[in-house]
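Trainee: sequence first, predicted coordinates after that:
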Amino acid sequence: MTYQPVLPLTGYAGWTLLNRTKSVQTAAFNKSPDVLRDTEYFKANIAKVKTADDLVKDRRLLRVALGAFGLDDDINNKAFIKKILADGSLTTTALANRMTDKRYLSLTQAFGFDLATPSTQVSSFGQEIVTKFLDKQFEVAVGNQDQNLRLALNAQSEVASLAASTGSDTTKWLKVIGNAALASVFQKALGIPKSVGSLDLDQQLAIYQSRAKTVFGNSSLSQFSDTTKVDSLVKRFLTRAQAEELTSQTSSTSIALTLLQTRLR
C-alpha cells in the first residue's frame, strides 16, 4: 500500500506544515512497496528501450515515463503517445511542437527517440526519470486529499525553473497559459477569471502580464526565478482558494437553512 501523506490542515497553514514535514513524508512515500517496485523495474529495464514502440508496449515502463511528466491519464492512449514520442521535437511539424500543453514536448525531449542515440541509452537516464516520477507521484498522493496543495507543490517545483529557463518572456507566459495546473494557480493568485481561457492567446497574454504587474509590480514571468516571489504566488493562491471555499460553504449553509425554514412554516 502506498504511503498516504499526512495533511491535517488546509490552505496556507496546511502548506506551511507540509513544507516543514516534506522531507520525512517524501522519504516514507518513496519507500512504499508499490512505488519501489515500479521505480526499480524502470531503472532495471529502461535501457532495453530503443524506440517509441518499445516503450508503449511495456505498460510498467510507460506508467513511470508518463507519471514523471504528470501525464498519468494518458496511459491508455498508446497510439497518441507513440506518435508524440516518435515525432520527437526537432521539426516544427512534430506533434509535440504543435500542442498547447508543453508537458508532451518535455516528455519527447527527455526521451529523444528522434536522436541518433535516444536518452534511454544514457546510464543516468533511468534515475533522472525516476526522480521526476517520485516528485510527481507524491504530488498526486497529496492531491488525492487536497487538490489545492497539489497545485501549490507543482507550482513550487516548476515556476522558478520555467522563469529561469531560456527563451523570451512571451514564450514563458505562453507555457504557463498552456499548462492547466500552472494556469489555475496564476489565475487564482492574480484574480483572473477562468473565462479568460476562451480568449485568443494574445489577449490572454496581455491579461496575465497586466495582472502580474498590478500584483507583483512586474509583468515579467522571469521575476519568479526569485523563490520569494514563488512563495508569494503560492501564498496568494492558497489564501484566495481557501477564502472562496469558505464563502461557498457559507452560501451553501445559508441556502440549506432557508430551505429548511421554508419547509417548517
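Mentor: Great, that's in hand.

Trainee: how many neighbours does the nearest residue to Q127 once chain neighbours are set aside have?
Mentor: The shortest distance from Q127 to any non-neighbouring residue, by Cβ to Cβ, 6 or more residues apart in numbering, is to K43 (6.4 Å). Any C-beta I mention is one placed from the backbone N, CA and C, and that applies to glycine too. K43 sits with 15 neighbouring residues when counted by other Cβ atoms under 10 Å.

Trainee: how close does K43 sit to T239?
Mentor: Distance of K43 to T239, computed by Cβ to Cβ, to the nearest Å: 40 Å.

Trainee: re the thing from before, show me what contacts the residue nearest to Q127?
Mentor: Contact partners of K43, counting by Cβ atoms under 8 Å, 6 or more residues apart in numbering, are 126-127, 130.

Trainee: could you do T131 as well?
Mentor: Taking Cβ under 8 Å, 6+ apart as the definition, T131 has no contacts.

Trainee: next, name the residue at the spatial heart of this protein.
Mentor: Nearest to the mean C-alpha position of the chain, by Cα atoms, centre = their mean, lies N154 at 4.7 Å.

Trainee: what's the host helix or strand of that residue packed up against?
Mentor: If you go by DSSP states H and E, N154 is part of helix 147-164. Where contact means 3 or more Cβ pairs under 8 Å, 6 or more residues apart in numbering; DSSP states H and E, helix 147-164 is packed against helix 11-30, helix 125-143, helix 169-177, helix 180-190, helix 227-264.

Trainee: and the nearest residue to S222 once chain neighbours are set aside, how many neighbours does it have?
Mentor: Excluding its sequence neighbours, the residue lying closest to S222 (Cβ to Cβ, 6+ apart) is A163, at 5.1 Å. A163 has 20 neighbouring residues, counting by other Cβ under 10 Å.

Trainee: right, and A163 touches K172 too?
Mentor: Yes. A163 is within contact range of K172, at 6.6 Å (criterion: Cβ atoms under 8 Å).

Trainee: what touches both of those two?
Mentor: Shared contacts of A163 and K172 (Cβ under 8 Å, 6+ apart): 221-222.

Trainee: need the pLDDT of the closest residue to M99 other than its chain neighbours.
Mentor: Excluding the flanking residues, the one nearest M99 by Cβ to Cβ, 6+ apart is L105, at 7.1 Å. L105 is assigned a predicted lDDT (pLDDT) of 95.

Trainee: still on that earlier bit, and the residue nearest to S222, how far from S23?
Mentor: Counting by Cβ to Cβ, the gap from A163 to S23 is 24 Å.

Trainee: touching stretch 84-95 from outside, list them.
Mentor: Contacts for stretch 84-95 (Cβ under 8 Å, 6+ apart): 51-53, 55-56, 83, 96-97, 104-105, 107-109, 111-115.

Trainee: check the offset of that stretch from the chain's centre.
Mentor: Centroid separation for stretch 84-95 versus its chain: 22 Å, with Cα atoms, centre = their mean, to the nearest Å.

Trainee: end to end, how far does that stretch reach?
Mentor: Using Cα to Cα, to the nearest Å, the span of stretch 84-95 from its first residue to its last is 6 Å.

Trainee: quick check: buried residues in it?
Mentor: Residues 84-89, 94-95 are the ones in stretch 84-95 that count as buried (16 or more other Cβ atoms under 10 Å).

Trainee: D226: which of those is nearest?
Mentor: S89 (29.1 Å; Cβ to Cβ).

Trainee: and that closest one, which of the three is it?
Mentor: Under DSSP: H, G, I helix; E, B strand; the rest coil, the three-state class of S89 is coil.

Trainee: distance of it from A163?
Mentor: Taken as Cβ to Cβ, the span from S89 to A163 is 21 Å.
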